[in-house]
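Novice: here is the input, now give the coordinates:
(one chain, ligands or ions: 2)
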Amino acid sequence: MSPGRRFTGQGAAPGIAIGPAYVWPRRGQAGGAGAAAGARRVEVERLSAAAAVAREGTRQIVRQAGRTLSRAEAGIFEAQLLMLDDPNLVGRAEEAIRTGGLSAEEALERAGAECAAALRAVPDESWRARASDVADVVGRVLDALADRPVPSLPSFDHPVLVVAEELLPSDIVAFDREKVLGLVTQAGSPTSHASILARTLGLPAVAGVPSACDLIREGDVVAADGASGEVVVGPDPVEAEDWRARQAARREWREGLRSRAHLPAITTDGHRIRVAANIGTPGEAETALANGADGIGLFRTELFFMGRASLPGEDEQCGVYGEVIRCLAPRPVVIRTLDAGGDKPVSLVASGGRAVMFASGRSSQLASGHEDVFLAQLRAVLRAASAAGEDGRAGVRRPGEAEVRVLFPMVANLADVVAAKALLARAAAELDARGVARGEVKVGVMIEVPSAVALVGLLLHEVDFVSLGTNDLARLTPCPAEVPIPTVLRLVAAVADAARRAGKPVAVCGELAADPRAIPVLVGLGVGELSVAPPLVPEVKQVVRTVSRREAASLAKRLLTARPVERATGDG
Ligand code: PEP
Ligand code: MG
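Specialist: Ligands and ions are numbered 1, 2, ... in the order given. Sure, this is the predicted structure:
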C-alpha cells in the first residue's frame, strides 16, 4: 500500500486527529434580490425584522456556548450580538437602501463586505481575523431574510474530521463534540475566532490548506496535526499506527501538564517566574484561574467599548473590574486603560450618545482628547480596587493582600506618563470629594513603542512596574533579515537591564511570552513575569521549569553578542 498524500497548512489548534473526512458543503449564496428596489421602506423593514431574528438566533448561540464553552468564548457571540447593533453594519445597510435603493440583501452584503475589508486592512492579524465574525453575522441575517433554516451538520453514526472551505464561529459551537474529531480548512488562520474556539474546545484544527475541499473526498481517512499543520490523506497502516501513537503520547503529556498547572513555575536553579494570563472579558478570568494563572498580567479593556451604542458607565466598569479582581484574589490583576484608535479600530466608541472614532494613532490615550472617558475608567478601577479588598466576602482578598495595578498603553514619552498619573490623581481626588471608597493601585506603563525603550530609564522613575508589549514593539521595529536574533529581543534586553538597575519588575505580555523558543531568553534577560493567553499557562509554566536562569542568562548574552552570519552572495 502506498503512503498517504501530504499537505501542509497552519497549525490552528493543537492536537492530533485521525478519522474519515466529512466535506462540509460550500456555503450558499445570498437569497434573491428581495422586494423591488423602489420599495425602500419595505426593504428597511425586512432588514430590521431579519436582524431581530438573527439577534434571537445569536442569543440562543450565546446560551448554547455558555453551556459548552467558558464565558470568554460565549463572549465572541456576545460581541457578534453587538455587531448586529453596529451602525457600520445594519445601520449602513439601511442607509444604502434609503439612498441607493438597494434590496435588503444587496445592502447588507455590501455593508458586510466593507466592514470585513476595513478589518482585513488592519496590520494586526488578530483584528484582521475578526472579518470572519462579520461574515458569520451577515450570514445569519441573510438566512433570516431568505427564511432559511440554519444549516447544521448531518447526524453521523461515527466520528468524522470536518473538511471545509472556511468555518465560522457559530459552526464550531454547533458541532457535536462526540462526533467531530478535528477540522481542516482551506481559509482561516490561527488567530481567527473559529481557531480560538477550536483551541478552547480542544478540537485539533489545521487552517490554510489550499484546495482541501477538492483534494479530500468524503470518507477519505485523514490524519491532521493541529500544532505543526501537517495533514496526511489516506495514510497506510504503518503511518496510521504512528499517528495513533503520537495522539496517545500527546494526551498523556497534556494530562500531566494540567495536573501541575497550579504549582508555581520555578526554574531548575530555584527562581520563580510568575506566569499570568491576558484576558479581554471577565469570563476569561475563570479560565485563567482554572489553568493555574498566577494573576492577570493584562486585562484588555477595549472589548467593553466596542460595538456599543453608549459608553460603559463608571458603575458598570467598576462591577466588571471588581468581578475579575474577586475571581483572582489574592492574585494581582493588571487592568490596562482603553487602548483604542490607530490599528485598533474601536470606531464604535460612543460619547454622550455620539459615536466617536478614536483615531489618534494610539500615541497616548490622552491624545484622543477624551479625558472624561479615561477619568471615568480610572475612577472605576480605583473603586473596584477598594471593593475587592473590603467587602469581606469569602475568597476575597483582605486589604493589602493583593495588588490592583493600572497599566497605561502606548506611552511614547515622559509627558504621557506624567499626564496619565495626573489623571489618576484627579480621579482619586474626585472620589474622595464624593466620599466614595477607593483603593490604592500600583502604576505601570506598557513599553511597546520604540521611543519608550529609549526613555525607559526616565519612565521607570515614574512607575512601579513596566510590561513589554512585544506585539506592537515588533510591529513598530523592523527587523533586518541578517541579524541573528530578532531586534525585539535586544529591546527586551535593554528594558530588562534598566528595570533591574531601577529595582522594578518587568513583565512581557505580548505573544512572545508564549513562544517556547523565546521563553529561556526572556528568563535569562531577567523578565520576572510572562503573561499569556489563559489556555497556554500550563505549557508556559512547564517550559519555565526546564530552564536554568543562570544558563539562560549566558545563552542570552551569547545571542546578543553573536555576529551576523555571513551570507553567500551567489555571484561566485
Ligand atoms: C502588545 O502590543 O504586545 C500587547 C500585549 O498589547 P496588544 O496586543 O493588546 O496591543
Ligand atoms: Mg499593544
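Novice: now do the helix or strand containing Ala427: which elements does it pack against?
Specialist: Taking DSSP states H and E as the definition, one finds Ala427 inside helix 414-434. In terms of contacts (3 or more CB pairs under 8 Å, 6 or more residues apart in numbering; DSSP states H and E), helix 414-434 is packed against helix 371-390, strand 404-408, strand 442-447, helix 456-462. All C-beta atoms are positioned from the backbone trio N, CA, C, and that covers glycine.
Novice: quick check: which of those is nearest to ligand 2?
Specialist: Proximity to ligand 2 (CB to the ion) singles out strand 442-447 among the helices and strands packed on helix 414-434, at 6.3 Å.
Novice: residues contacting the closest one, please?
Specialist: Residues from elsewhere that reach strand 442-447 (CB atoms under 8 Å, 6 or more residues apart in numbering): 334, 336, 403-411, 416-417, 420-421, 424, 452-453, 456, 459, 462-469, 472-473, 491, 495, 509.
Novice: just the buried residues out of the residues you listed, in ChimeraX syntax.
Specialist: Typed into ChimeraX, the line below selects the buried ones among the contacts of strand 442-447, using 16 or more other CB atoms under 10 Å:
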select :334,336,403,404,405,406,407,408,409,410,411,416,417,420,421,424,452,453,456,459,462,463,465,466,467,468,469,472,473,491,495,509
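Novice: interface residues of this structure facing ligand 2?
Specialist: By the rule CB under 5 Å from the ion, the part of the chain lying against ligand 2 is Glu448, Gly469, Asp472.
Novice: so what's the last one up against?
Specialist: This means Asp472. So Asp472 contacts Met410, Met446, Glu448, Val449, Gly510 (CB under 8 Å, 6+ apart).
Novice: pLDDT value on the second one, please?
Specialist: The model reports Met446 with a pLDDT of 96.
Novice: please name the nearest non-neighbouring residue to Ala288.
Specialist: Ala277 (3.5 Å; CB to CB, 6 or more residues apart in numbering).
Novice: on the three-state scheme, that neighbour is what?
Specialist: When classified by DSSP: H, G, I helix; E, B strand; the rest coil, Ala277 comes out as strand.
Novice: report how many residues lie close to it.
Specialist: Other residues near Ala277 number 30, with proximity taken as other CB atoms under 10 Å.
Novice: over to Pro516?
Specialist: Count around Pro516 with other CB under 10 Å applied: 11.
Novice: does it touch Val543 like I think?
Specialist: Yes - between Pro516 and Val543 there is a contact at 5.0 Å, judged by CB atoms under 8 Å.
Novice: neighbours around Glu95, how many?
Specialist: Glu95: 15 neighbours (other CB under 10 Å).
Novice: help me confirm that it is found in a strand?
Specialist: No - read with three-state DSSP, Glu95 is helix and lies in no strand.
Novice: from Ala384, how far off is Ala376?
Specialist: From Ala376 across to Ala384, the span is 13 Å (CB to CB, to the nearest Å).
Novice: show me what contacts Ala193?
Specialist: I think there's a mix-up here, since residue 193 is His and not Ala. Ile76, Ala129, Arg130, Ser132, Asp133, Pro169.
Novice: grab the nearest non-local neighbour of it.
Specialist: Nearest non-adjacent residue to His193 (CB to CB, 6+ apart): Pro169, at 4.5 Å.
Novice: my guess is that neighbour meets Ala79, correct?
Specialist: No - between Pro169 and Ala79 there is no contact under CB under 8 Å: 9.7 Å.
Novice: any chance of the contacts of Asp472 in a markdown table, plus distance to His271?
Specialist: Formatted as a markdown table, those follow (distance: CB to CB, whole Å):
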| residue | distance to His271 |
| --- | --- |
| Met410 | 31 |
| Met446 | 24 |
| Glu448 | 25 |
| Val449 | 29 |
| Gly510 | 21 |
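Novice: only the buried subset of the residues you listed, as a PyMOL command please.
Specialist: Buried residues within the contacts of Asp472, by 16+ other CB under 10 Å, are selected in PyMOL with:
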select buried, resi 410+446+448+449+510
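Novice: which among the contacts of Asp472 gets closest to ligand 2?
Specialist: When the contacts of Asp472 are compared against ligand 2 (criterion: CB to the ion), the nearest one is Glu448, at 4.7 Å.
Novice: sorry, back to before: so which of the contacts of Asp472 are also by ligand 1?
Specialist: Glu448, Gly510 (CB under 6 Å from any ligand atom).
Novice: what's the closest of the contacts of Asp472 to Val232?
Specialist: Nearest to Val232, judged by CB to CB, of the contacts of Asp472 is Gly510 at 33.8 Å.
Novice: how close does the nearest residue to the closest one once chain neighbours are set aside sit to Trp243?
Specialist: Leaving out its chain neighbours, the residue that sits closest to Gly510 by CB to CB, 6+ apart is Thr470, at 3.0 Å. Remark: distance between Thr470 and Trp243 (CB to CB) = 35 Å.
Novice: among the contacts of His193, show me the least confident.
Specialist: Ala129 (67).
Novice: just to be sure, Ile335 is in a strand?
Specialist: Yes - under three-state DSSP, Ile335 falls within a strand.
Novice: show me the beta-bridge partners of it.
Specialist: On the basis of DSSP bridges, Ile335 is bridged to Phe299, Val406.
Novice: hmm, back to that, send me the helix holding Ala427 as CSV with only the CA atoms.
Specialist: Output of helix 414-434 as CSV, limited to C-alpha atoms (Å, rounded to 0.1, in the frame of the first residue of the first chain):
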residue,chain,number,x,y,z
LEU,A,414,7.7,61.2,29.7
ALA,A,415,4.9,63.7,29.3
ASP,A,416,2.4,60.8,28.5
VAL,A,417,3.2,59.2,31.9
VAL,A,418,3.1,62.4,33.8
ALA,A,419,-0.3,63.3,32.3
ALA,A,420,-1.7,59.8,32.9
LYS,A,421,-0.6,59.9,36.5
ALA,A,422,-2.1,63.4,36.9
LEU,A,423,-5.4,62.0,35.6
LEU,A,424,-5.2,59.1,38.1
ALA,A,425,-4.6,61.5,41.0
ARG,A,426,-7.6,63.6,39.7
ALA,A,427,-9.8,60.5,39.6
ALA,A,428,-8.8,59.7,43.2
ALA,A,429,-9.5,63.3,44.3
GLU,A,430,-12.9,63.3,42.7
LEU,A,431,-13.9,60.0,44.5
ASP,A,432,-12.5,61.4,47.8
ALA,A,433,-14.6,64.6,47.3
ARG,A,434,-17.7,62.5,46.7
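Novice: now that helix against strand 404-408, angle please.
Specialist: 140 degrees (axes from the mean of the first three to the mean of the last three CA atoms, to 10 degrees).
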